[in-house]
Structures are given as structure tokens and as C-alpha cells.
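Visitor: Show me the folded form of this:
(one chain, ligands or ions: 1)
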Amino acid sequence: MDKEKFYITTPIYYPSGNPHIGHCYTTVACDSIARFRRMQGYDVLFLTGTDEHGLKIEQKAAEKGVTPKAYVDEIVAIFKKLWSYMNISYDRYIRTTDDYHIETVQKIFKELYDRGYIYKGEYKGKYCTPCESFWTESQLVDGKCPECGRAVTEAAEEAYFFKLSPFADRIEKLLLETDYLQPKSRAVELVNNFIKPGLEDLCVSRTSFTWGIPVTFDPGHVVYVWVDALSNYISALGYLNDKYDDFDRYWPADVHMVAKDIMRFHAIIWPAMLMALDLPLPKHLAVHGWITFNGQKMSKSIGNVVDPLVLGERYGADAIRYHILREMALGADSSFSNEIMINRINADLANDLGNLLSRTVAMCEKYFGGTVHNVAGTEAIDTELETMVNELTAKVTADMDDLTIPQALMEIFAVIQRANKYIDETAPWALAKDEANKQRLESVLYHLCEALRVCGVLLNAYLPTTAPKMMEQLGLDASALDLTKTTYGAQQTYTVHKGEALFP
Ligand code: MSP
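Guide: So this is what the prediction gives:
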């Protein structure tokens, strides 16, 4: 067991409605990182799950006339179905209703109380029920909830609070002086908005609803959402429970990925909780923008969601994966549009990648009965293609280290586009007319097979259904999907098999 470990997490999603393309984005991005790290030989633990407590779930269940647990069970099944459809290779799925998680949260809450970081007080504030969030006056937009734009109500209740001020200096340093937050450009905004004005203590228990984890030493209080939710990242490793024994191995996390809506909780509250518990801090918090639709965040409470299963049925899971990975940069928001998606699927996947494979395989069959060998290239364009192929893995690796996934895909597709151009330049159909060009023709086709193979290996992290199909048509099996064999010439012979179009 001397492999280096890599622990990556998605947020745990609220099962208050069906998953949408926004949830897919974070999960697919984490999946591609997890797959890439596995190919690199890391011992990966990839965690996802659902955040199942809270007033909103309690209300939704009541509307349907079922228990909250029955309500979430049904939606969790849909999340899991979607992840399986999208080929999400998570290693562990945590539900905050799991016994071991409840045990951990209760112990953490008690520990924070015993250490003097949690105290009892009264909460007064503006509350948005659909978003389950209290807001301060200054956070409201036109007196309404800044998240969903709906009316907020005045609310007050006895509650426990988590003291954040003792950690303000350390958190400010973490944000401004380390590479914890990615992109770092968001650090200043956080420090100015939340730390400089003085960190307000966080309300961590509620008495107005019951669907939550009971505070062991004060019945009537349930642990309020963020202490429950954030603890998932360590309860899932067995911290303060007997279900797993992986905490020493996998903690601290290498990457927590979230969207900007919950950045504050992961950039401030979570480090504070860990500091209060004397635990090491996660290495990176990767924050991406929102997928928007008509200019607004795509969200269940706004009601403008795109159902990934419907899209997937039409275009296939890898096409959806490609679209969201290619469009969404860490920094910015990205608007969802069917048009952009269809253009991308047509241009990159069907034309560039699909045609390169089908043309190459067809020519290998037509001119060489399917089998081509490594015949050295003699022209400058050969060397150019070989060099691009040889440099690709390092470029993609650097992009994955920086979490610039769209860039990684652009690099791969630059090679695919170069290979297509190489076909036009070498014109194999013209070479085939003269027996004297047989060697040259074989060299050309071999170059194309090598380019396709190496691109296929790398694409396996992003398009896990397509990459094995590419290998199959190149006459290779899954063992060819090997990151250590991505130099030009690593495969000496091909016996291709024509298959169906990759993206019909
Ligand atoms: N349960 C909390 C998270 C707790 S993590 C300890 C929560 N759940 S959520 O269901 O609302 O999911 C929020 C996350 O879903 C975002 O951070 C993001 O990862 C993803 N997204 C939901 N809608 C999204 C978009 N429209 N665009 C991009 N990502 C989106 O918050």
C-alpha cells in the first residue's frame, strides 16, 4: 500500500428535488479528476452523497404525506440512478441519515461544546424557508432573499452558536496566503465581505423543526444544517465512528469541489470547525461558477432546471459530460444552451473525433486488410504530429493539476484536429493509387492510429464510455487505456475493427 492517496469530494446535495444539470457539473468534474488520478496510479477515494435533513425536506415530505426518510429515499435513488447513468465512479456515497454519520455529528457537536466553541443563545434574523437560510439585513437584496429573490420572514429562537472569531486570523491567512482557495481571486471578496467586518457566530442548532440530528445533551434541539453537512467529509472516513477506518489514510482531503453558492461555508466555516477540533485542513477548495439558464442560476427553487436524464437519452452520457466539462471553467458562470451543446457535440465529437476514427479505421481496412505496422515517418508533418502526441500527456497533466479541465480537453482536441488535417495533407486515397507509395501510406495510417490511441487513453478520464469504444475499433482492449503508454510508438501494430459511429 505505498501508492500515494488522493481524496476528492463533491458537495452532498439536497434531495429536496430531482438532480439537475448543475449538480451534474460538479460531480462529472470530480469524476474526471478522480479517473485521471486513478490512471496516474493514485489510490483515490472519491466521495459524494446527499444532505438529507432540514426544514425544507420535512415540509416537502409532509406535502406528499410521507415520512421525511421515505421522501429522501426516493430522491436518493434518482440521484444514484443518474450517477450510474453518467458513469460516475464514486467510491463512497454518504447519506447524512446514515447511522455512522449521525454518531459522528453528535460527537463533533459535543466536542465543540466541551471545548467552549459552541454556546447557547438566541437567534434573530431574516429567514428564507425555500433556501433554508438566515440572512443579515445587509445581505438581503431589495429586502428579499439574495439566493432566490423570495420574501423572507422575521424569525427568532433559542439556538446554539459556533464561535468563529477565534479563528478569523488563521482563516484570513489561509485564504490570502496559501493556495487553499482556487481560484484565489475569490479570496479577497471573502475576506472583505465576511472576515473584515468581524466574523458573526454561526447558528448551529434549531428548535423549530425536528427533521435533523438531535443534540444529545439538549433534547428539542437538532443540529442545524452546516455542522451536519460539512462533517460528512470526515464521517465518511470513519472519524469518530466505527463504520470506516480510513481517516488516517485519506485525511486531509486533496480537493473539495463546490460552486460559489456554498464557497463561504467551505472557505470559512469548515476550516474553523477543523481548527476547533485540532484537525488538519483540506489542501484545496476548488470553486466553480454557476450553470445559468436565461441569466439566472439554474436551481430547483427558481424552477429553471434542465433534466440531465432527458438530455442524456437524446445525446448520450458522454456527450453531456463533454459539454459540461468543456464549457465550464472554474472562474466564471456559464450559461446553458441547447444550441451551444448541439454545436459542440456535432463539431468536436461527431465531426472531429468520430470522423477521425471512422476514416482511419476504414482506410486501414481498405488498404491493408486491417493491419498496419510502425513505419517511420520521413516528413516534417510526421514529426509535428509525433511531437504533439508525445507532449500531450504532460500538458493534460498540468491542466488537471491546475483543475483547468476545459483546457485539458482543448489540448486533446488540438491533437485530434491536427490529425484530421494530417489526413487532408497526406491524402491517403491519392497515395493508394500507386503501389510505390505503400510504405508511405502505411506510415500515415500508423501515425493516425497512434494519435487516436493516445487521445483515447487521455479521454478515458472524461468520456469513459467512448474511450473503450475507440480502443475496440483500434483492435486494442481496455488494458490499452494506460497512461504509462502515451508516447508515440508505444503500440507497434494495429489490427482494426470497424464499429458503429461514436456519436451518430
Ligand atoms: N447540501 C448543500 C451542500 C453541503 S456540502 C457539505 C447544498 N446542496 S445543493 O443541492 O444545493 O447543491 C449545491 C451544489 O450543487 C453547488 O455547490 C454545486 O456544486 C451544485 N450546483 C447546483 N446548482 C448548480 C448550478 N446551477 N451550477 C453549478 N453548480 C450547481 O448546497
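Visitor: what's near enough to touch the residue lying closest to Thr493 once chain neighbours are set aside?
Guide: What sits nearest to Thr493 in space, not counting adjacent residues and going by C-beta to C-beta, 6 or more residues apart in numbering, is His373, at 5.1 Å. The way it works is simple: take the backbone N, C-alpha and C, and place the C-beta from them, glycine included. Neighbouring residues of His373 by C-beta atoms under 8 Å, 6 or more residues apart in numbering: Glu442, Tyr446, Gln492, Thr493.
Visitor: tally of neighbours for the residue of the chain found nearest the ligand?
Guide: Among the residues of the chain, Gly22 lies closest to the ligand, at 2.4 Å counting by C-beta to the nearest ligand atom. The number of residues packed near Gly22 is 24, by other C-beta atoms under 10 Å.
Visitor: how about it, what does it touch?
Guide: Contact analysis of Gly22 by C-beta under 8 Å, 6+ apart lists Ala259, Trp290, Ile291, Lys297, Met298, Ser299, Val305.
Visitor: now do 10 Å
Guide: 13, 259, 261, 290-293, 297-300, 305-306, 308, 324, 336 (C-beta atoms under 10 Å, 6 or more residues apart in numbering).
Visitor: quick one: Glu122 is in a helix?
Guide: No. When DSSP: H, G, I helix; E, B strand; the rest coil is applied, Glu122 is found to be strand, with no helix at that position.
Visitor: Could you report the neighbour count for it?
Guide: Neighbour tally, Glu122, other C-beta under 10 Å: 10.
Visitor: Relative to Ala156, how far out is it?
Guide: With distances taken as C-beta to C-beta, to the nearest Å, Glu122 is found 6 Å from Ala156.
Visitor: which residues does the nearest residue to Cys148 once chain neighbours are set aside contact?
Guide: Sequence neighbours aside, Ser301 is the residue nearest to Cys148 in space, at 4.5 Å (criterion: C-beta to C-beta, 6+ apart). By C-beta under 10 Å, 6+ apart, the contact set of Ser301 is 16-17, 56, 128-132, 145, 147-150.
Visitor: Tell me if Ser301 really is in a helix.
Guide: No. Going by three-state DSSP, the assignment for Ser301 is coil, not a helix.
Visitor: Okay, it and Glu147: tell me how far apart.
Guide: To Glu147, Ser301 is 7 Å away according to C-beta to C-beta.
Visitor: Could you do Ile33 as well?
Guide: In this view, Ile33 and Glu147 are 27 Å apart by C-beta to C-beta.
Visitor: More neighbours: the two, which one.
Guide: A direct count of neighbours by other C-beta under 10 Å for Ile33 and Glu147 places Ile33 higher, at 25 against 19.
Visitor: Which residues are in contact with the more buried one?
Guide: Listed by C-beta under 10 Å, 6+ apart, the contact partners of Ile33 are 6, 8, 44, 46, 254-255, 257, 286, 400-401, 403, 405, 408, 461-462.
Visitor: That one: which element?
Guide: For Ile33, the host element (DSSP states H and E) is helix 21-39.
Visitor: what about that helix, distance to the chain center?
Guide: Relative to its parent chain, helix 21-39 has a centroid offset of 4 Å by C-alpha atoms, centre = their mean, to the nearest Å.
Visitor: from here on, count from 158
Guide: OK, 158 is where the count begins now, so the last one is helix 178-196.
Visitor: Around the ligand, pick out the residues from this protein.
Guide: Residues of the chain lying near the ligand by C-beta under 6 Å from any ligand atom: 168-171, 179-180, 182-183, 208, 386-387, 389, 415-416, 418-419, 447-448, 454-456.
Visitor: Where does confidence bottom out across the contacts of Ser458?
Guide: Confidence by pLDDT is poorest for Glu289 among the contacts of Ser458, given 69.
Visitor: Bridge partners for Trp292, pull those for me.
Guide: Going by DSSP bridges, Trp292 is paired in beta bridges with Lys283.
Visitor: What about it, how many residues nearby?
Guide: Trp292: 18 neighbours (other C-beta under 10 Å).
Visitor: tell me the contacts of it?
Guide: Counting by C-beta under 10 Å, 6+ apart, Trp292 touches Gly282, Lys283, Tyr284, Cys285, Val298, Lys301, Cys302, Pro303, Glu304, Val309.
Visitor: likewise Tyr199?
Guide: Taking C-beta under 10 Å, 6+ apart, we find Tyr199 in contact with Lys160, Glu161, Lys162, Phe163, Tyr164, Ile165, Ala191, Phe193, Asp411.
Visitor: Kindly give a single PyMOL line that selects the buried subset of those.
Guide: Selection of the buried residues among the contacts of Tyr199 in PyMOL, burial being defined by 16 or more other C-beta atoms under 10 Å:
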select buried, resi 163+164+165+191+193+411
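Visitor: would you turn the contacts of Tyr199 into TSV with secondary structure?
Guide: Formatted as TSV, the contacts of Tyr199 follow (three-state DSSP):
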residue	secondary structure
Lys160	coil
Glu161	coil
Lys162	strand
Phe163	strand
Tyr164	strand
Ile165	strand
Ala191	helix
Phe193	helix
Asp411	coil
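Visitor: Show me which positions of stretch 638-647 end up buried.
Guide: Leu638, Leu640, Thr643, Tyr645, Ala647.
Visitor: Could you do stretch 339-354 as well?
Guide: Gln339, Pro340, Arg343, Ala344, Leu347, Val348, Phe351, Ile352.
Visitor: from those, which single one is nearest Met628?
Guide: Distance to Met628 across the buried residues of stretch 339-354 (C-beta to C-beta) is lowest for Gln339, with 32.9 Å.
Visitor: Neighbours of the residue nearest to the closest one when sequence neighbours are not counted, how many?
Guide: Using C-beta to C-beta, 6+ apart and skipping the chain neighbours, the partner closest in space to Gln339 is Ala443 (4.9 Å). Look at Ala443: counted by other C-beta under 10 Å, it has 22 neighbours.
Visitor: what residues are up against Ala443?
Guide: The neighbourhood of Ala443, defined by C-beta under 10 Å, 6+ apart, consists of 165, 183, 186-187, 190, 338-340, 412-416, 420, 423, 487, 559-560.
Visitor: which residues does it bridge with?
Guide: Gln339, Met414.
Visitor: Tell me the confidence at it?
Guide: pLDDT, Ala443: 96.
Visitor: How about Pro409?
Guide: pLDDT for Pro409: 98.
Visitor: I figured it was touching Leu431, is that so?
Guide: Yes. Counting by C-beta atoms under 10 Å, Pro409 touches Leu431, with 8.3 Å between them.
Visitor: Looking at these two, which is more packed in?
Guide: Just comparing Pro409 and Leu431: by other C-beta under 10 Å the higher neighbour count belongs to Leu431, 19 against 15.
Visitor: The residue lying closest to that one once chain neighbours are set aside: what's it in contact with?
Guide: Beyond its immediate neighbours in the sequence, the residue positioned closest to Leu431 (C-beta to C-beta, 6+ apart) is Leu438, lying 5.5 Å away. Applying C-beta under 10 Å, 6+ apart to Leu438 gives the contacts Arg327, Ile328, Leu331, Thr335, Tyr337, Trp408, Pro409, Ala410, Trp427, Pro428, Leu431, Met432.
Visitor: Mind listing the residues bridging to Ala316?
Guide: Here Ala316, judged by DSSP bridges, has bridge partners Gly278.
Visitor: Any idea how many residues pack against it?
Guide: 20.
Visitor: so who does it touch?
Guide: The neighbours of Ala316, taking C-beta under 10 Å, 6+ apart as the test, are 277-281, 291, 359-365, 378, 381.
Visitor: Now for this protein, the helix or strand with the poorest mean pLDDT.
Guide: Scoring the helices and strands of the chain by mean pLDDT, DSSP states H and E places strand 290-292 at the bottom, with a mean of 75.
Visitor: PyMOL command to pick out the buried ones of the contacts of Ser458?
Guide: Entered in PyMOL, the line below selects the buried ones among those, by 16+ other C-beta under 10 Å:
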select buried, resi 173+174+213+285+286+287+288+289+302+304+305
